[in-house]
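Peer 1: here is a sequence together with a model predicted from it:
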Amino acid sequence: MPTQQQKLQVVPRAGRIGAEITGVKLGGDLDPEVFEELRQALIEYKVIFFKGQNHLDDAEQEAFAKLLGEPYAHPTVPVKDKTNYIFELDSQHGAKANHWHTDVTFVTEVPKYSVLRGVTIPSVGGDTVWANTNTAYEDLPQELKELADGLWAIHTNEYDYGSLTKEGEEALQKARAVFSSTVFKTKHPVVHIHAETGKKHLLLGGFVKKLAGFSSGDSQRLLSIFDSYVERLENTVRWQWSEGDVVIWDNLATQHYAIADYEEHRVVRRVTVGKEVPVNGENEPSTSIQ
């Protein structure tokens, strides 16, 4: 009979980012050779999609995610009850983070990989979009590349997270209070060097407050230019969720946006693993401010 490895297929879903992988059943007991194929696909495509993984429960999702690295505890949000590492995003509890971001960039040690599972999915809407932050950098004119290479940005979780959702005021206030229960501020290079590939990536997104050394107004004008390259459709891939889908992405190579165009209940569960202190082209690391 054909082995699991022989059945594995990798099909690109967009020109610059994203691939769907079929012929594999995810779990903590995944064959090491198959897992290595998945890891290589993740490095190449930055986000990989799996349909029909309905066999996964919370514990098995955690077991699989641990193959990618040490579980990463969110700095402020508690894990889901009766789990060790799961971060649950439930639309009925203020969790509609519809903005472009790289996860948890407000601390120095940024998570490396996320494993997200669709649990309750609306009949329409609720897609997620990922962007390739390397091709976004490469698209910049040379003069903007040189400018970005020398810039630093201040990232923080101290912002109006709740206003990005459309749920009741009580749920929003609770989500906001939990998310910013401890305030963090970190200075990251605007362009960081990916530890595995050596490629340059823009490290920006919704947690950026301003550029170091610039006024708020000048910061916003410059950031809007860089953000526009990240968000170009050429640099993105969009996934339409079904229950049981699993998506894995390289957090330090991407940004993502969860589209809040749905009214029905939506629940997804994430396990994040690994961590990295970003460095710029001069090998200067990110630093904590608060």
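Peer 2: Good, I have the coordinates.

Peer 1: dig out what residue 255 forms beta bridges with.
Peer 2: Beta-bridge partners recorded for residue 255 (DSSP bridges): residue 131.

Peer 1: that one: neighbour count?
Peer 2: Applying other C-beta atoms under 10 Å, we find 29 other residues in the vicinity of residue 255. Every C-beta, even on glycine, is put in place using the N, C-alpha and C of the backbone.

Peer 1: my read: residue 82 touches residue 58, true?
Peer 2: Yes - using C-beta atoms under 8 Å, residue 82 is in contact with residue 58, at 7.4 Å.

Peer 1: neighbour count: these two, which is higher?
Peer 2: Taking neighbours as other C-beta under 10 Å, residue 82 and residue 58 compare with residue 58 leading, 20 against 8.

Peer 1: check which helix or strand covers the closest residue to the more buried one other than its chain neighbours.
Peer 2: Excluding the flanking residues, the one nearest residue 58 by C-beta to C-beta, 6 or more residues apart in numbering is residue 83, at 4.9 Å. Assigned by DSSP states H and E, residue 83 belongs to neither a helix nor a strand.

Peer 1: name all residues that make contact with residue 83.
Peer 2: Residue 83 is in contact with 58-59, 62, counting by C-beta atoms under 8 Å, 6 or more residues apart in numbering.

Peer 1: where does the prediction get shaky in the stretch 51-200 of the chain?
Peer 2: 94-97, 159-181 (pLDDT under 70).

Peer 1: and if we set it to 90?
Peer 2: Applying pLDDT under 90 to the stretch 51-200 of the chain flags residues 73-82, 92-98, 157-182.

Peer 1: where do the strands sit along it?
Peer 2: 87-90, 110-120, 128-132, 152-156, 185-189, 191-193, 200-202 (DSSP state E, counting those that start in this stretch).
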